[in-house]
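Asker: could you look at this predicted model? Sequence included:
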Amino acid sequence: MHVGSFPLFNVAIDDDGLVTQMREHGIDTGMVFHPDNQLIRDAIARHPGLYGLVWANPRMPGAVEETRRLLDEPGSRFRGVKLHPLLDAYHPDDPIVHPIVELLIERNLPALIHCGHPIFTLPWSIEELIRRYPAAKIILGHMGHGNIVYINAAIDVAARNPNVYLETSGMPMHAKIREAVERAGPDRVLYGSDAPFHHPSVELAKVRVSGLPQDLTDRVLGENGRQLFFGEAIPDTVG
């Protein structure tokens, strides 16, 4: 999820509003991010239910050092990295990305990569990075987004690469969530809200009507994210 104002999309939410929205929909814990990492650092310090992803823009000087510092500071509540090759304008497998991925492999933490828009976030481009680093945990955010060709490609990429996870937000086809679970595996599909760009009432319903049995629905809605982001150090309430 995001915090902040996004006038291009006519949406905005601050961290208090986000936590209120989460509670209204039974979501106890969420991962948040914004290009301003200090904004997220302050938000997750204020709200026990929030954890952060470091927004790592490898084109910016000092990006690797900032990522390392935020992940490694005592009591850090950052649990991985957000990469947005589309907004920040780089190829996912550009060599400038490699040190960030190697840092994550060392710490056994995932990277969430926006997926579903040309020219830099198509599934096949991200797969070049995935195949270079089979030990990395890579989440395809939006699992291809709104284009059926990219959605199918994202599922294909996950099916042939066991280090890939698919995140559901913004992908409009509920039946594709079930297909993703069937083809990629029951532990590699993750619910996402993508607030404030999408609303949790819609995103939750999409998973619940996907045709999955209840046990697999529960895995998508919480258990898979809990395992991926926290491993054995699992908070009592993760949604």
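Answerer: Arrived safely.

Asker: by contact count, what packs against the helix ranked longest in the chain?
Answerer: Ordering each helix of the chain by length in residues (DSSP state H) puts helix 148-160 first. In terms of contacts (3 or more Cβ pairs under 8 Å, 6 or more residues apart in numbering; DSSP states H and E), helix 148-160 is packed against helix 123-132, strand 137-141, strand 164-167, helix 174-184. Bear in mind the C-beta positions are built from the backbone N, C-alpha and C, glycine included.

Asker: where along this structure do the helices fall?
Answerer: 15-24, 37-46, 63-72, 85-88, 98-107, 123-132, 148-160, 174-184, 200-208, 214-218, 224-230.

Asker: how about CSV for those, with mean pLDDT, distance to residue 167 and mean neighbour count added?
Answerer: Listed next are the helices of the chain as CSV, based on pLDDT from 0 to 100; distance: least, Cβ to Cβ, whole Å; neighbours: other Cβ atoms under 10 Å:
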stretch, mean pLDDT, distance to residue 167, mean neighbour count
helix 15-24, 97, 17, 17
helix 37-46, 96, 18, 17
helix 63-72, 98, 20, 17
helix 85-88, 97, 15, 19
helix 98-107, 98, 16, 17
helix 123-132, 98, 13, 19
helix 148-160, 98, 10, 20
helix 174-184, 98, 10, 20
helix 200-208, 98, 10, 17
helix 214-218, 97, 16, 14
helix 224-230, 96, 9, 19
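
Asker: take these and write them to TSV, including distance to residue 116.
Answerer: What follows is those, written out as TSV (distance: least, Cβ to Cβ, whole Å):
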stretch	distance to residue 116
helix 15-24	23
helix 37-46	23
helix 63-72	23
helix 85-88	9
helix 98-107	20
helix 123-132	8
helix 148-160	5
helix 174-184	12
helix 200-208	15
helix 214-218	23
helix 224-230	20
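
Asker: let me see the contact set for the spatially most central residue of the chain.
Answerer: Compute the mean C-alpha point of the chain, and by Cα atoms, centre = their mean the closest residue is residue 112, 4.0 Å away. Contact partners of residue 112, counting by Cβ atoms under 8 Å, 6 or more residues apart in numbering, are 31, 33, 53, 80-83, 139, 141, 167.

Asker: rerun that using 10 Å as the cut-off
Answerer: 31, 33, 53, 80-84, 137-142, 165, 167, 190, 192, 229 (Cβ atoms under 10 Å, 6 or more residues apart in numbering).

Asker: what's opposite it in the beta bridge?
Answerer: residue 82, residue 139 (DSSP bridges).

Asker: related to what we said a few turns ago, let me have the helices and strands packed on helix 148-160 in JSON lines, extended by distance to residue 218.
Answerer: Formatted as JSON lines, the helices and strands packed on helix 148-160 follow (distance: least, Cβ to Cβ, whole Å):
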{"stretch": "helix 123-132", "distance to residue 218": "27"}
{"stretch": "strand 137-141", "distance to residue 218": "19"}
{"stretch": "strand 164-167", "distance to residue 218": "17"}
{"stretch": "helix 174-184", "distance to residue 218": "12"}
